[in-house]
Structure formats: structure tokens, C-alpha cells
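> structure, please.
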Amino acid sequence: MGLQGRLDRICESQGFDTSFHVRDLASGAVYERDGAGVRPSASTRKISIMMAALRAVQSGRLDLNERVTITAEMSKGVASGTFQHMTPGLVISLRDAIVQMIIMSDNVCTGIVASRLSLAELNDFCAAAGMVGTVHRFAVPPPDMPADHGLEEVTTTTPADQGRLLWLMLQGCEDAAVAGVMGVTPELCRMGLEIMGWQKYRTMIPSQLPVTTKVAHKTGSGRRGRMDAGIVYRGEVPRFIIAVYTDQVPVTMPDGMPGFQAAFRMIGGLARECWESMA
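Residues are numbered from 1 along each chain as shown. The predicted structure follows:
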């Protein structure tokens, strides 16, 4: 059985929907399971928010050194991250807000970054990057979103779109023309991937890989499932891109374990299979 079959078999081992996009960076081979299927993006949307912000930096509209004061108002309705618990009055830079948005999925910081970008600007960035199945519908999701919400109520994306964005960022690190597709420079592509490499949540793609494995990724936690999208390295060499989305994950699995743990195992298992197949 080839890699595609083994990945599909892992997905079929659980009673919920799993879709993925995998790109072997050595051979160029692509493996997908409903790669163009539209899914809730959860916080994986923040990769495109970061890159759209860096596009605005490149154009001169935003300044990474801008000083931002954290206010009590910014914490209202925020469900993720650490800045909601900080004493109001803390001052950080826009650059640091971008970092916290990615590595801790902090939604106070996401609100700071996204408030400097219109929804039209975010969707224009995605269109320019060829992310045909991605639609930004808000900066920060409402905290009381029901588990049975429809796709039209949230920001949506596809595994293939996230894989394409990661591939553009990676290629853009060395190729100014590719970086220019996103309106940024190779330096800004390298900055984006460096920030993603500082990710603190390692319960999904990295969870079954050797502990020292470098992974530049962004996790997501939605009411309907868990997701993760990133680049896995062997040493300092990018080896494969993987974007996995689980959907309609039950709160409790038949064996009594929480559904989110099953989603973590699923995503980690897919990454492990790719790791072993792409030695």
C-alpha cells in the first residue's frame, strides 16, 4: 500500500471527517483527501492574517515597531491566549502582537493585528495567493459559537489552500518573484516561517515526531474539530508540508475519551506516517 492509502486508512480509523493536503518537498508529490473541501479554519486563518499584515508592512502602510497599549476593552469576548489575563496598560509592538497571535494563538493580539486590516484586505490577500476556497468573515470569532454552526458563520478554508500558502512562503524565502505574488519580500517570508517555528502548541503535527523536530506551523481549535497546518523539517531542511482538518468531531468518543484527543492522535498519526515514509 502506498502513502496515500496508508494516510486514508488512518483517517478511516475514526468516526469523524478528516481531510488533508501533503506535499513531499523532495519529490514534489502531493497527497490529498478532500483537499479542496471547505472546512472551518479556526486559528489556522492566522497564517494569512500574518502574511496580509506583512504585505501591509512591505507597502509602508503598517509599521512593525508601532507601539500598542493593551486595554481592558480588548479582552472582552476573548477565549484564547494569555493577554486577556494581563493588567491593562501593557505596551507591546505590532511585531510582538503578530508573534503572540501565531505562537500562543492569542486573540487579544489577533484583534490588534486584524483591526489594522479590513476583511476586504484579508480576502484580497488570499485571492492573490490563489487560496480559492478561503473566506475571512471576521477578525475574532464570537466566544459562544454553537457546535453545530454552519460554514457560512465562520472563516473557512481548505487543506489545499493552506498547503499552497505554506508552499508560497517557503519558495518565497529564496525567490523574490514568488514572494511578490503575496506582496512581500523573501526577508518577510523568512520572518513569517521563523515566527511559526516558535509555535508553543505541539499536541498535533509535532506530537508523534522526534522531540527535537523543527515544525513551523499554526494550530486551530474550533467547535467542530481541530486542525493544524505547517512545514516539517529534517534538521534544517524542509521535508514536507502538511495541513490536516478534522470536522464533526464528537465531544466524547465511543471509548469515553474526549473527541479532541482523538483528533490530536489523528493529526499526529498522519504526520508520523509522512515522517516515516519520507526519510
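
> show me where the stretch 1-150 of the chain has helices.
Per DSSP state H, counting those that start in this stretch, the stretch 1-150 of the chain carries helices over the ranges 3-11, 46-59, 94-103, 107-114, 119-128.

> give me the nearest residue to Leu119, chain neighbours excluded.
His136 (5.4 Å; Cβ to Cβ, 6 or more residues apart in numbering). Bear in mind the C-beta positions are built from the backbone N, C-alpha and C, glycine included.

> need the contact list for that neighbour.
45, 48-49, 119, 122-123, 126, 155 (Cβ atoms under 8 Å, 6 or more residues apart in numbering).

> next one: phi and psi at it?
The phi/psi pair for His136 (degrees, to the nearest 10) reads phi -90, psi 130.

> Gly220 bridge partners, please.
Met227 (DSSP bridges).

> ranking the contacts of His136 by neighbours, who comes first?
Counting neighbours by other Cβ atoms under 10 Å, the top entry in the contacts of His136 is Arg45, with 28 neighbours.

> quick check: it touching Asp161?
No. Using Cβ atoms under 8 Å, Arg45 makes no contact with Asp161, being 10.3 Å away.

> related to what we said a few turns ago, confidence score at the residue nearest to Leu119?
His136 is assigned 97 on the pLDDT scale.

> distance check, it against Arg95.
22 Å (Cβ to Cβ, to the nearest Å).

> cool, and Val211?
For Val211 relative to Arg95 (Cβ to Cβ), the value is 29 Å.

> so which of the two has more stuff around it?
Neighbours were counted for Val211 and for Arg95 using other Cβ under 10 Å; Arg95 has more, 16 against 6.

> for the chain, what's the longest strand?
Using DSSP state E, we find that the single longest strand of the chain is strand 237-247.

> could you list every helix and strand in contact with the next helix or strand after that one?
Using DSSP states H and E, the next helix or strand after strand 237-247 towards the C-terminus is helix 259-277. Applying 3 or more Cβ pairs under 8 Å, 6 or more residues apart in numbering; DSSP states H and E, we find helix 259-277 packed against helix 3-11, strand 17-24, strand 226-234, strand 237-247.

> which residue is nearest the middle of this structure?
Taking Cα atoms, centre = their mean, the centroid of the chain lies closest to Thr44, which sits 2.6 Å from it.

> which non-adjacent residue is nearest that one?
Gly220 (4.3 Å).

> contacting residues for that neighbour?
41-45, 226-229.

> ok, 7 Å please
Each residue near Gly220 by Cβ atoms under 7 Å, 6 or more residues apart in numbering is listed here: 41-44, 226-228.

> number of residues surrounding Gly5?
Neighbour count for Gly5, taken as other Cβ under 10 Å: 10.

> low pLDDT regions in this protein?
Across the chain, no stretch falls below the confidence threshold (pLDDT under 70).

> go again using 90 as the cut-off
Applying pLDDT under 90 to the chain picks out residues 1, 13-15, 75-80, 138-150, 152-153, 223, 279.

> would you reformat the helices and strands packed on helix 259-277 as a markdown table and include distance to Ile112?
Converted to a markdown table, those look like this (distance: least, Cβ to Cβ, whole Å):
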| stretch | distance to Ile112 |
| --- | --- |
| helix 3-11 | 37 |
| strand 17-24 | 30 |
| strand 226-234 | 22 |
| strand 237-247 | 26 |
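
> what's the closest of these to Lys76?
strand 226-234 (25.6 Å; Cβ to Cβ).

> gap between that closest one and the chain center?
From the chain centre to the centre of strand 226-234 is a distance of 8 Å (Cα atoms, centre = their mean, to the nearest Å).

> repeat for stretch 60-69
With Cα atoms, centre = their mean as the basis, the mean position of stretch 60-69 lies at 23 Å from the chain mean.

> start and end of it, how far apart?
Distance between the two ends of stretch 60-69: 21 Å, counting by Cα to Cα, to the nearest Å.
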